[in-house]
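In: Got a predicted structure here, sequence first:
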There are 4 protein chains.
Amino acid sequence: MLPVPMTLVRNIAAEALGTAMLLAIVVGSGIMGQRLAAGNDAIALLGNTIATGAGLIVLIHMFAPVSGAHFNPGVTMVFLLRGETAPRTALLYVAAQFGGAVIGVWAAHTMFAEPVWQISTNLRDGWGQGFAEAIASFGLIGTILTTQRSRPDFTPTAVGLYITAAYWFTASTSFANPAVTVARSLTDSFAGIAASSVPLFVISQIVGAVIGLGMFGWLIMEKPTHA
Amino acid sequence: MLPVPMTLVRNIAAEALGTAMLLAIVVGSGIMGQRLAAGNDAIALLGNTIATGAGLIVLIHMFAPVSGAHFNPGVTMVFLLRGETAPRTALLYVAAQFGGAVIGVWAAHTMFAEPVWQISTNLRDGWGQGFAEAIASFGLIGTILTTQRSRPDFTPTAVGLYITAAYWFTASTSFANPAVTVARSLTDSFAGIAASSVPLFVISQIVGAVIGLGMFGWLIMEKPTHA
Amino acid sequence: MLPVPMTLVRNIAAEALGTAMLLAIVVGSGIMGQRLAAGNDAIALLGNTIATGAGLIVLIHMFAPVSGAHFNPGVTMVFLLRGETAPRTALLYVAAQFGGAVIGVWAAHTMFAEPVWQISTNLRDGWGQGFAEAIASFGLIGTILTTQRSRPDFTPTAVGLYITAAYWFTASTSFANPAVTVARSLTDSFAGIAASSVPLFVISQIVGAVIGLGMFGWLIMEKPTHA
Amino acid sequence: MLPVPMTLVRNIAAEALGTAMLLAIVVGSGIMGQRLAAGNDAIALLGNTIATGAGLIVLIHMFAPVSGAHFNPGVTMVFLLRGETAPRTALLYVAAQFGGAVIGVWAAHTMFAEPVWQISTNLRDGWGQGFAEAIASFGLIGTILTTQRSRPDFTPTAVGLYITAAYWFTASTSFANPAVTVARSLTDSFAGIAASSVPLFVISQIVGAVIGLGMFGWLIMEKPTHA
């Protein structure tokens, strides 16, 4: 038996289940949009956006009291670097996030009666895409760090609204999450990303998260100066 | 006369009226979407989604202080199993939910000047649909149980946002409610479901709800570990 | 000079300005939707809905601390019948609402460089439309009375979300407001209503509001029984 | 070295970064909408609206505790006139807003792999457009002043929802911000404005803001009379 206390087991289960539900939402709503919109990608992205934004707000509210609701190795890394998450916990969280993410993709495929095992052919290359992912992660870390400090009850809603905006304002539709990125290489649908594009995305996400940690860590160093 | 105290009469009236308004929203906005979108089902579903999500948030805020705003035999069953609703109350709630749901469908038909009595011909079959309904109910029960414990003032909004997401990420557009499912067999419009597909939906919903009760009951057993 | 204290002057100004802004939003976003959507009424209604719902939430937050933010003779009538608004105040509110509403329509026309003076030719007839307006008003009064009692800080958002849903689930797109209805007879655009259809709408709205007052007044007679 | 204390440096950095992120959102989501919607401007505006509204809510929550989150020389001017912002701070804020706005436009171009340097050819002329910008600014100042007084925790959300509505109900799609207007002259995309149209917009915005300051300053002079 692993010498893991029951509380930590619950935390890890929450990270795995929450990330699985997140991917089921992202990939499932992408398939729904693609099928119904019949080639009109703007309308497919609208449905994908509304489902992901609303779903994220709910998921973070659901799981935050248990595990903190990271669902994202980049977020866990930032909390590790800030000393707010222990190294062992961080490692277990990241493993749970990757495992949960893949299961979520497969659950979406099963619901829509598609082959469970798929490989994306959706190339997302070019420096613009990398820059977009860095900005997406930078903003996500900023959203979390600033609202956690001044209005922690609003953080779950802030993250959902941020991703709602980022699906449209970043050229990459804002993956902003290494576990999500890897898992989305396993779906050949609207939300997919070819395996060859994954490294650019993941590296950009980590760079953006680290810059965000530095920038926003500095900005919120003082007590709020405005009520 | 039934020996029912006035408070319980109000509770039952709230369940019936709230479920009726829910169905009027679901079916009415489906007809509106279908008529205006003229064959573009993605846009029809967008309108249907926004109306249902916004409407649910309002309805639960309206009726929760009176009856708890279940509107759903699956939810009432979960509260019965958790010992939070008495058996007699549960039985009366479920009857009110089914009765209200049917009246809501007929109200929608009357508003749109359609025949009141209709039978849906919209087949929604296959294991993917059943799996989707189980996931939809599992997530709905999780949304309610987790937020009721940590942020009960947010539960009505969480349920509305969850259904907003679930209309898009589940292959079945997330009925997630046996009373809603049966009532929607009585409309031959966008939101309808053929009677022959109803049993698969209802059984899947109950299975998903019971699994959700077990899983999320375990997850929230401890006091929140994250502020 | 009218012997009206300055506080009441402010209240009346708030009702007039708020109702004017509401009509500018309803009619202006209707024109925008009509122009951009080029015949696709579902997309035009989506834009109209999002603007009206979001705008109403803001307007009620803005003006509620001053005047209560009725913006609606039906709502003022209900508060008069409940003894929460004095008869003289009610009369002045209703006059301000009608005057403000017409100015709002003309402001929208001016922004969009259309003739200020217009007469709608948009017939909205039939018993289904009347029934829809009665239901729309019934639900609006229910939204206000129930949330005012249990969660008054949420009432402005509840009203905005209710109208968001009602634009789609009622066959009439939910005018639910006699001042809005009369003013919308003065625009020959997406949001217009022919003068000959106005009486059916206004009577139905009053009937629905009175039934709502009775029904929801009874439902919330007791203290909330559910936390 | 400027004798600027570190707190003020953080405030100015917050204004610059926040305004940059706002412009990246406005211009980036405009490009995304334009590319995906392929000529359907209503759908492009829907995506642009949802991204801007959701993004603004998040940005103001993020930066308000640091700098007040003006992001807008018109807003800074109003706070200067009300004596709530010191003249030197106001000057530095406005410079940071213009600088940040331009950088945000260039960041959007870089993400979408477009030429960084662009000049808009999008004429937005006529008195209707000017009137629309005056109304847009009038309403924005009203939103801020009224909610700051009665529900300051809601102001960030109110501003985001107001702009969501104003994108649709004003004929100009509501720039309502001189820094945003100037910066948007540097993008030849959906959100652009030709340099020759900028003066009309900026003057109208200032006029609308000053009228709003007078009107709403008078309205909220008393303590709230309604709970």
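Out: Structure's in. What do you need? Predicted, not measured: the structure shown is a model, and the values here were computed from it.

In: List the residues that contact the residue most central in space within chain A.
Out: Closest to where the C-alpha atoms of chain A average out (CA atoms, centre = their mean) is A:Asn177, at 4.3 Å. By CB atoms under 8 Å, 6 or more residues apart in numbering or on different chains, the contact set of A:Asn177 is A:71-75, A:205. The way it works is simple: take the backbone N, C-alpha and C, and place the C-beta from them, glycine included.

In: Restricted to helices, list those residues.
Out: A:73-75, A:205 (DSSP state H).

In: Looking at these, spot the one nearest B:Ala108.
Out: Lowest distance from B:Ala108 to the ones in helices among the contacts of A:Asn177 (CB to CB) belongs to A:Val75, with 43.4 Å.

In: still on that earlier bit, highest neighbour count among the ones in helices among the contacts of A:Asn177?
Out: A:Gln205 (30 neighbours; other CB atoms under 10 Å in any protein chain shown).

In: now the helix or strand A:Ala20 falls within: mean pLDDT?
Out: If you go by DSSP states H and E, A:Ala20 is part of helix A:6-37. Helix A:6-37 shows a mean pLDDT of 97.

In: For stretch A:77-97, buried residues please.
Out: A:77-80, A:85, A:89-90, A:92-94, A:96-97 (16 or more other CB atoms under 10 Å in any protein chain shown).

In: Now render those residues as a markdown table, adding pLDDT and secondary structure.
Out: Output for those, formatted as a markdown table (pLDDT from 0 to 100; DSSP: H, G, I helix; E, B strand; the rest coil):
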| residue | pLDDT | secondary structure |
| --- | --- | --- |
| A:Met77 | 98 | helix |
| A:Val78 | 98 | helix |
| A:Phe79 | 98 | helix |
| A:Leu80 | 98 | helix |
| A:Thr85 | 96 | coil |
| A:Thr89 | 96 | helix |
| A:Ala90 | 98 | helix |
| A:Leu92 | 98 | helix |
| A:Tyr93 | 98 | helix |
| A:Val94 | 98 | helix |
| A:Ala96 | 98 | helix |
| A:Gln97 | 98 | helix |
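
In: rewinding a little: the contacts of A:Asn177 also near chain B: which ones?
Out: Among the contacts of A:Asn177, proximity to chain B is found for none (CB under 8 Å from any CB of the partner chain).

In: follow-up on the earlier one: with pLDDT and distance to chain D as extra columns, can I get the ones in helices among the contacts of A:Asn177 in CSV?
Out: Listed next are the ones in helices among the contacts of A:Asn177 as CSV, based on pLDDT from 0 to 100; distance: CB to the nearest CB, whole Å:
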residue, pLDDT, distance to chain D
A:Pro73, 98, 22
A:Gly74, 98, 18
A:Val75, 98, 16
A:Gln205, 98, 14
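
In: Need the max-distance pair from those.
Out: A:Val75 and A:Gln205 (10.4 Å).

In: low pLDDT regions in chain A?
Out: A:1-4, A:227 (pLDDT under 70).

In: What parts of it come near chain C?
Out: Counting by CB under 8 Å from any CB, no residue of chain A is near chain C.

In: just the helices in chain A please.
Out: Going by DSSP H, chain A shows helices at A:6-37, A:41-67, A:73-81, A:87-111, A:127-150, A:155-169, A:178-184, A:198-219.

In: Save these as a markdown table, and put in distance to B:Gly55 too.
Out: Converted to a markdown table, these look like this (distance: least, CB to CB, whole Å):
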| stretch | distance to B:Gly55 |
| --- | --- |
| helix A:6-37 | 20 |
| helix A:41-67 | 14 |
| helix A:73-81 | 33 |
| helix A:87-111 | 25 |
| helix A:127-150 | 28 |
| helix A:155-169 | 20 |
| helix A:178-184 | 31 |
| helix A:198-219 | 37 |
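
In: rewinding a little: from the buried residues of stretch A:77-97, which is closest to C:Gln148?
Out: Among those, and counting by CB to CB, the member closest to C:Gln148 is A:Phe79, at 41.5 Å.

In: That closest one contacts A:Ala69, doesn't it?
Out: No - with contact defined as CB atoms under 8 Å, A:Phe79 and A:Ala69 do not form a contacting pair (11.4 Å).

In: Please verify my assumption that A:Phe201 contacts A:Gly130.
Out: Yes - taking contacts as CB under 8 Å, A:Phe201 lies within contact range of A:Gly130: 7.4 Å.

In: Which of the two has more residues huddled nearby?
Out: The neighbour count for A:Phe201 versus A:Gly130, taken as other CB under 10 Å, is higher for A:Phe201 (29 against 23).

In: now the more buried one: how far from C:Arg88?
Out: 66 Å (CB to CB, to the nearest Å).

In: got it, and A:Gly212?
Out: Distance from A:Gly212 to C:Arg88, by CB to CB: 58 Å.

In: A:Met32 too?
Out: 55 Å.

In: Common neighbours of A:Phe79 and A:Ala69, please.
Out: If you check A:Phe79 and A:Ala69 against CB under 8 Å, 6+ apart, no residue is contacted by both.

In: wait, which of the helices of chain A is closest to C:Thr173?
Out: The nearest among the helices of chain A, by CB to CB, is helix A:41-67 at 20.7 Å.

In: Distance to A:Thr181 for the buried residues of stretch A:77-97 - can I get that in TSV?
Out: Shown next, in TSV, are the buried residues of stretch A:77-97 (distance: CB to CB, whole Å):
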residue	distance to A:Thr181
A:Met77	14
A:Val78	17
A:Phe79	19
A:Leu80	19
A:Thr85	21
A:Thr89	22
A:Ala90	18
A:Leu92	20
A:Tyr93	17
A:Val94	13
A:Ala96	16
A:Gln97	11
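
In: Quick one: residues contacting A:Ala176.
Out: A:72, A:74, A:133, A:136-137, A:140, A:163, A:166, A:205, A:208.
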